[in-house]
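Enquirer: my questions are about this predicted structure, shown below with the sequence.
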Amino acid sequence: MPSNITPMPAAEPLTVMGAGLVGSLLSLYLARRGHPVQVFERRADPRRAGFQEGRSINLALSDRGWRALEGVGVADDIRQVGIPMTGRVMHDAQGNLTRQPYGQDGQAIYSVNRGHLNRRLLDLAEAQPNVRLQFGQQCLHIDLKKQELHLLDTATQQEHTEPYTRLFGTDGAFSAVRGALQKTDRYDYSQDYLEYGYKELTIAAGPGGAWPLEKNALHIWPRGQYLMIALPNLDGSFNCTLFFPFEGPESFAVLQTPADVSAFFERVFPDAVPLMPELVQEFFEHPTGSLVTIKCFPWKYDDDVLLLGDASHAIVPFYGQGMNAGFEDCSVLNDLLDQHGDHAWPTVFAEFQAQRKPNADAMADLALYNFTEMRDRVADPRFLLQKKVEAKIAAQFPGRWTPLYAQVTFSHTPYAEAWAAGQRQDAIMARLMPHIQSEADFDQPAVQALVQQEMTRQ
């Protein structure tokens, strides 16, 4: 080797805590960069017989998630088992339907089964010769100074210590890695629970595996202070989620008997009940989940620990962006490694949290904003008219007006930029809508003059 060329140091070993969706994708990214990757996961291997899926909730994959999957060459594989949803279908209390497209023709979010996606990513990670997956490893303690993990093997009940050089915490909303960082000086942390919980239910497949509702849509039953949604499965069934107050006159607290549940659903969701033969049994057998927003900072400790995904920014599920944001963490980190090199960890970690923290906070706000929209505004004729007017403005001013939902879901615009643009658009619509009572009004000269005036001020 010529004397003026410095040999590249060997790729250093890396440790990932958590083998869920973000952890398995991250390990794949890191392994493909040449790093030996050790992955520890508290749960049993979800690919083994007898594994009990903790959460059956379907996920909505959108552009940010697809880009991250494309980065490791797995997007086409996942697309084969996803169902495109091109819009929302709202069900009113009489069973009448209203459809609202998500974007332009050809744009869709995809209903994907969490378990299938996790298992597929684990298979791909394990196929890398430099990845070692270890399941049933509960993290008891992390010594940040010594860079050591104290783990319990849940099968043997043996405790052991594992050193790490660089540790990535992808172990979810109640992260053990973040728990260690929270004990450091001046660590900011907050968790905020909604007064709502959620319950997983099922709409059964029709005869011969037919879908009893429109297949290519996310179905919403908006009821003012609560809602139910349904996402399609490949077998013709739908995964339903009831988002419902814990306490109050209509809440989980008052639905105590099978008769209570049957009466409530027949009154509030009459068109869904005939499609839910296991409703009462599932209501009492399935756990009631809670909904939390977690914010923290910093996301790193020195240059040897970094948090990604829910460990750093758990959000409520009402924009369908939790997984997509976590996957985007992986692709952003990979881009920074491309930019600065695999040995510039202090720069990469610092830039990662500087880029992602404002966007994660914006996405948390967006998710809460969308909860209100899905719960009651999507049933409001004025809101639906406003969405049609926004689509007309977007068509009239291409590139200058992109609806907030499209910016979040069908682009890679940073979440903070999308949220700021959405707030400006809301202010404009608040000024325009008093002059619009029907779609036809949009073409009135006076309204067009107002639109032109607003767009000039943009």
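Expert: Great, that's in hand. All of these numbers come straight from a predicted model, not from anything done at the bench. Residues are numbered from 1 along each chain as shown.

Enquirer: specify the local secondary structure of I428.
Expert: helix (DSSP: H, G, I helix; E, B strand; the rest coil).

Enquirer: hmm, it is touching Q453, no?
Expert: No. Using C-beta atoms under 8 Å as the test, I428 is too far from Q453 to be in contact (10.0 Å). Heads up, the C-betas are built off the backbone N, CA and C, glycines and all.

Enquirer: which one's more surrounded, these two?
Expert: I428 (19 against 12; other C-beta atoms under 10 Å).

Enquirer: what's the closest non-adjacent residue to the more buried one?
Expert: Spatially, and ignoring its direct neighbours in sequence, I428 is nearest to E454 (4.9 Å; C-beta to C-beta, 6 or more residues apart in numbering).

Enquirer: what about that neighbour, helix or strand, and which?
Expert: Following DSSP states H and E, one finds E454 within helix 445-457.

Enquirer: so which elements touch that helix?
Expert: Contact here means 3 or more C-beta pairs under 8 Å, 6 or more residues apart in numbering; DSSP states H and E; on that basis helix 445-457 packs against helix 381-396, helix 415-432.

Enquirer: got the angle between that helix and helix 415-432?
Expert: Using axes from the mean of the first three to the mean of the last three C-alpha atoms, to 10 degrees, one finds that helix 445-457 and helix 415-432 are set 150 degrees apart in direction.

Enquirer: distance between helix 445-457 and the chain's centre?
Expert: Remark: helix 445-457 is offset 37 Å from the chain centroid, using C-alpha atoms, centre = their mean, to the nearest Å.

Enquirer: in it, what's buried?
Expert: Buried residues in helix 445-457, counting neighbours by 16 or more other C-beta atoms under 10 Å, are found at V447, L450, V451, E454.

Enquirer: with stretch 128-139 instead?
Expert: For stretch 128-139, the neighbour count (16+ other C-beta under 10 Å) marks Q128, N130, V131, R132, L133, F135, G136, Q137, C139 as buried.

Enquirer: burial measure for the residue lying closest to R377 once chain neighbours are set aside, as a count.
Expert: Nearest residue to R377, sequence neighbours excluded (C-beta to C-beta, 6+ apart): F383, at 4.4 Å. Counted with other C-beta under 10 Å, the neighbours of F383 add up to 14.

Enquirer: distance of F383 from M90?
Expert: 10 Å (C-beta to C-beta, to the nearest Å).

Enquirer: before we move on, the earlier item: including pLDDT and distance to E278, could the buried residues of helix 445-457 go into CSV?
Expert: Converted to CSV, the buried residues of helix 445-457 look like this (pLDDT from 0 to 100; distance: C-beta to C-beta, whole Å):
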residue, pLDDT, distance to E278
V447, 91, 50
L450, 91, 52
V451, 91, 50
E454, 88, 51
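
Enquirer: let me know the closest of the residues you listed to L308.
Expert: For those, the minimum distance to L308 (C-beta to C-beta) is 39.4 Å, reached by E454.

Enquirer: for the closest residue to D143 other than its chain neighbours, helix, strand, or coil?
Expert: Nearest residue to D143, sequence neighbours excluded (C-beta to C-beta, 6+ apart): H150, at 7.2 Å. At H150 the chain is in strand, as set by three-state DSSP.

Enquirer: tally up the residues packed near H150, please.
Expert: For H150, the neighbour count with other C-beta under 10 Å is 15.

Enquirer: okay, and the beta partners of it?
Expert: H141, T161 (DSSP bridges).

Enquirer: same question, V39
Expert: According to DSSP bridges, beta-bridge pairing links V39 with V16, L133.

Enquirer: packing partners of the lengthiest helix in the chain?
Expert: Longest helix of the chain, by residue count under DSSP state H: helix 345-375. Counting contacts by 3+ C-beta pairs under 8 Å, 6+ apart, helix 345-375 packs against strand 218-222, strand 227-232, strand 288-297, strand 300-301, strand 305-307, helix 310-313, helix 322-340, helix 415-432.

Enquirer: angle of that helix against helix 322-340?
Expert: Per the same axes, to 10 degrees, the angle that helix 345-375 makes with helix 322-340 is 160 degrees.

Enquirer: so for helix 345-375, mean pLDDT?
Expert: Across helix 345-375, pLDDT averages out at 94.

Enquirer: please report how far the residue nearest to R377 lies from Y319.
Expert: Using C-beta to C-beta, F383 is found at 17 Å from Y319.

Enquirer: repeat for P13
Expert: 36 Å.

Enquirer: so which of these two has more stuff around it?
Expert: Neighbours were tallied for P13 and for Y319 using other C-beta under 10 Å; the higher tally belongs to Y319 (27 against 15).

Enquirer: hmm, the more buried one is touching N370, no?
Expert: Yes. Y319 lies in contact with N370 (C-beta under 8 Å); the separation is 4.6 Å.

Enquirer: check contacts around L432.
Expert: Contact analysis of L432 by C-beta atoms under 8 Å, 6 or more residues apart in numbering lists V389, V447, L450, V451, E454.

Enquirer: isn't the second one right next to H435, touching?
Expert: Spelled out, it's V447. Yes. Using C-beta under 8 Å as the test, V447 is close enough to H435 to be in contact (5.4 Å).

Enquirer: who touches both of the two?
Expert: D441.

Enquirer: roughly how far does F442 sit from A430?
Expert: According to C-beta to C-beta, F442 stands 16 Å off from A430.

Enquirer: of these two, who's got more company?
Expert: Using other C-beta under 10 Å as the criterion, F442 and A430 rank with F442 on top: 18 against 10.
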